[in-house]
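# sequence and predicted model, in that order:
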Amino acid sequence: MTRGRISLSNVEVRTRGRISLSNVEVRWSDRSILAVEDMQIRQGEFVGIIGTNGAGKTTFLKVCCGLIRPNRGTVKLDGRDLAELNAWRKANFRKHIGYIPQAAEYNTELPFTLRELVAMGRTSVKALLRPLNKKDYEIVDNWIERLGLSERRSQTFRSLSGGEQQKALIARAMAQDPEILMLDEPCSNLDFNWKYQITEIIEQLHRETKVTVVMVSHETSLLPSDCSRIILLHEGKVLADGDVEEVFKSEALERAYQCRIETLKIAGRRYTINKSQA
Amino acid sequence: MDSFFYLVMFAGVVAGASTGLLGVYIVGMRMPFIGVCISHSAMAGTIYSILLGVNPVWGAAVFSALSSMSLAAIRPERSRLDANVALAILFNLMLGLTFLGIGLIKGSRSEVLGLLWGSLLFVRMSSVVTITTLGLVFIVFTILFNKELKVLLFSRTIASATGVHESFVYCLFLALCGLILAVNLPLVGGLMIFSLITCPAAAAYQICTGYRSVIFAATIFGAISALAGFLVSYYLNLPTGACIVIVSATIFAISASYRALRCQLN
């Protein structure tokens, strides 16, 4: 039995990957930038976070993984309050969070090869002072291959295209064997073909591994059909939270974006059109 | 050449190599100002030790360790203060304390002023042993925490979010950084040790295409900068620290030109 999983005759059932927020508020000076009354994200859910610029999407993600400590309220990962843990235990508890931040939060100029970068995913899984072994590199190579990056293995991360860099970051997160995958705008600055490819990969990974996925996206069309729940944030508050159909039909979307919106469903994806300009 | 200068050259090579290696991480983390801030803390510590009549190395170590720890407390995603602004404030405070200390010294200030520019005459066998030991400790540290340091270089946010013991490794790194700068201070000088941290590492990042080669190149460039700087200052009777700075900056200029040429040819 692997940590956090029960194997039932070749069927792996994940038991970890739950997030719960209760009465959470994050303030910046006198301004509330995130306020969430009560929210549960269940194991294996695919949750899409949408909202306008400055709605609090990234803050929400950072609160969920304990990067930002809220001014009030509790954030629990698998039932454990992160605020109650010291730095060492908190780090141990976050070993199985795969986090892909926006490009501004990592250094693309360093001469790491793709393999070195993906191997970083094994860092938190291994204890301090223990180097990566052959088994770790087998896992790393497996994810490089699964994401179709084998030919780029020895190339530096900085020499890869934007789409390949995102694939590499996903491989790094997956090499960590995560229970929760958190993605902050994984398709920003990519062309439409790469955007489609990346979301397809995330969807496929969710189906295959049953990992909990929390994905922030500006564009509603980038949320894959697997995304069963949408949280709409506006000025730090949850304007809508529920089934995808419900949220897209609700008035909340028009209130958040302050325009008339029509939603088109094409090949399982939802495209929003500003009808005010039409 | 007097046999004493062989000792000086050895000390220079070790100092250059260890600060060059240190620079790989400081430059890679995009926080080169950490180096200048801690080196000035070490300088302030040395001056107040002289004033109080205690071993200057201890004063430098205590001041730089305290500065390092306060820098480690600044969390990029939690603090309202930009890390570079905090560094600038701490740097100004240390510079103020340094010059206040210089002003308080009665009698000859030559020893203290020598700390600003660095001097060969400060080198003793004991300091060579300390510099070498700390250099070796830092090498062991980079080997033992290699996997964590790589993630820290790539992104402290990812390291923190994904359960890497980032705070622990970063604190250890800053503490070692403070100690290395404190012991190398009398040799290179407080105002110029910063160049030994940034120039060799920046030059290595210009021309190397792999992480390991950056580490080796920065270490070698650091050693060459210190050795060549010492030799130039010895034969031309010039200030040591200034010569080291000029040599290290020249190495950077050559590396940057080489990269530009290579890009044009490709």
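Arrived safely, thanks for sending. A quick note: this is a predicted structure, and the numbers were derived from the prediction, not measured. Numbering: from 1, shown residues only, chains lettered A, B, ... in the order given.
# setting aside sequence neighbours, what's the nearest residue to the residue in the stretch 1-150 of chain B that chain A sits nearest to?
With C-beta to the nearest C-beta, the shortest gap between the stretch 1-150 of chain B and chain A falls at B:K147, namely 4.7 Å. Where C-beta positions appear, they are placed from N, C-alpha and C, glycine not excepted. Counting by C-beta to C-beta, 6 or more residues apart in numbering or on different chains, A:T123 is the residue found nearest to B:K147 once chain neighbours are left out, at 4.7 Å.
# tally of neighbours for A:V247?
For A:V247, the count of nearby residues is 22 (other C-beta atoms under 10 Å in any protein chain shown).
# coming back round to it: neighbours of the residue of the stretch 1-150 of chain B closest to chain A, just the number please.
B:K147 is flanked by 23 other residues according to other C-beta under 10 Å.
# excluding sequence neighbours, find me the nearest residue to residue 132.
Just so you know, I chose chain A. Using C-beta to C-beta, 6+ apart, the closest residue to A:L132 is A:R122 (5.3 Å).
# think we crossed wires, I meant chain B
Nearest residue to B:T132, sequence neighbours excluded (C-beta to C-beta, 6+ apart): B:V14, at 5.1 Å.
# so which elements touch the helix or strand harbouring that neighbour?
Taking DSSP states H and E as the definition, one finds B:V14 inside helix B:3-28. Judged by 3 or more C-beta pairs under 8 Å, 6 or more residues apart in numbering or on different chains; DSSP states H and E, helix B:3-28 is in contact with helix B:33-52, helix B:125-144, helix B:146-154, helix B:166-188, helix B:193-207, helix B:211-236.
# show me which positions of stretch A:128-146 end up buried.
A:128, A:132, A:136, A:139-141, A:143-144, A:146 (16 or more other C-beta atoms under 10 Å in any protein chain shown).
# that stretch: how far from the chain's middle?
Relative to the centre of its chain, stretch A:128-146 is centred 22 Å away, using C-alpha atoms, centre = their mean, to the nearest Å.
# restrict it to CA atoms and write it as CSV.
This file holds the C-alpha atoms of stretch A:128-146, laid out as CSV (Å, rounded to 0.1, in the frame of the first residue of the first chain):
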residue,chain,number,x,y,z
LEU,A,128,16.9,15.5,3.3
LEU,A,129,20.5,14.4,2.6
ARG,A,130,19.3,11.5,0.5
PRO,A,131,20.2,11.8,-3.2
LEU,A,132,17.9,10.7,-6.0
ASN,A,133,18.5,7.1,-6.9
LYS,A,134,17.9,4.9,-10.0
LYS,A,135,14.3,4.4,-9.2
ASP,A,136,13.7,8.1,-8.9
TYR,A,137,15.2,8.7,-12.3
GLU,A,138,13.1,5.8,-13.8
ILE,A,139,10.0,7.8,-12.5
VAL,A,140,11.4,11.0,-14.0
ASP,A,141,12.1,9.4,-17.4
ASN,A,142,8.7,7.7,-17.4
TRP,A,143,7.0,11.1,-17.0
ILE,A,144,9.3,12.7,-19.7
GLU,A,145,8.3,9.9,-22.0
ARG,A,146,4.6,10.1,-21.2
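# strands of the stretch 151-278 of chain A, start to end?
Remark: strands assigned in the stretch 151-278 of chain A by DSSP state E, counting those that start in this stretch are A:180-184, A:212-216, A:229-234, A:237-243, A:261-266, A:269-274.
# checking my notes, A:R89 in a helix, right?
Yes. The assignment for A:R89 is a helix, going by DSSP: H, G, I helix; E, B strand; the rest coil.
# which ones are touching it?
For A:R89, no contacting residues are found, by C-beta atoms under 8 Å, 6 or more residues apart in numbering or on different chains.
# from chain B, how far off is it?
A:R89 is 10 Å from chain B, where distance means C-beta to the nearest C-beta, to the nearest Å.
# likewise for A:L110?
6 Å.
# could you count how many residues lie near that residue?
If we define neighbours as other C-beta under 10 Å, then A:L110 has 23 of them.
# does it touch A:F157 like I think?
Yes. Between A:L110 and A:F157 there is a contact under C-beta atoms under 8 Å: 7.4 Å.
# tell me who's in contact with residue 29.
Looking at chain A here, since you left the chain open. A:S29 neighbours (C-beta under 8 Å, 6+ apart): none.
# wait, I meant chain B there
With contact set as C-beta under 8 Å, 6+ apart, B:M29 has these partners: A:107, B:152-153, B:156.
# dump the residues you listed to JSON lines, plus neighbour count, pLDDT and distance to B:I143.
Shown next, in JSON lines, are the contacts of B:M29 (neighbours: other C-beta atoms under 10 Å in any protein chain shown; pLDDT from 0 to 100; distance: C-beta to C-beta, whole Å):
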{"residue": "A:N107", "neighbour count": "16", "pLDDT": "91", "distance to B:I143": "22"}
{"residue": "B:L152", "neighbour count": "23", "pLDDT": "95", "distance to B:I143": "15"}
{"residue": "B:L153", "neighbour count": "21", "pLDDT": "95", "distance to B:I143": "15"}
{"residue": "B:R156", "neighbour count": "23", "pLDDT": "90", "distance to B:I143": "21"}
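# what is the nearest of those to A:S20?
Distance to A:S20, by C-beta to C-beta, is smallest for B:R156 among the contacts of B:M29, at 26.6 Å.
# and the closest one, how close does it get to chain A?
8 Å.
# report the secondary structure state of B:L87.
Under three-state DSSP, B:L87 comes out as helix.
# which parts of the stretch 151-278 of chain A sit against chain B?
A:156, A:173, A:176, A:182 (C-beta under 8 Å from any C-beta of the partner chain).
# now those residues in JSON lines, with neighbour count and pLDDT?
Formatted as JSON lines, those follow (neighbours: other C-beta atoms under 10 Å in any protein chain shown; pLDDT from 0 to 100):
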{"residue": "A:T156", "neighbour count": "19", "pLDDT": "94"}
{"residue": "A:A173", "neighbour count": "27", "pLDDT": "95"}
{"residue": "A:Q176", "neighbour count": "24", "pLDDT": "94"}
{"residue": "A:M182", "neighbour count": "27", "pLDDT": "96"}
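# next step: those restricted to helices.
Among these, the members falling in helices (DSSP state H) are A:A173.
# for the residues of the stretch 151-278 of chain A next to chain B, work out which two are farthest apart.
Across those, the longest distance by C-beta to C-beta is 25.7 Å; it joins A:T156 and A:M182.
# how about the residues of chain B by chain A?
B:28-30, B:77-78, B:80, B:144-148, B:150-151, B:153-155, B:157-168, B:205, B:208-211, B:213-214.
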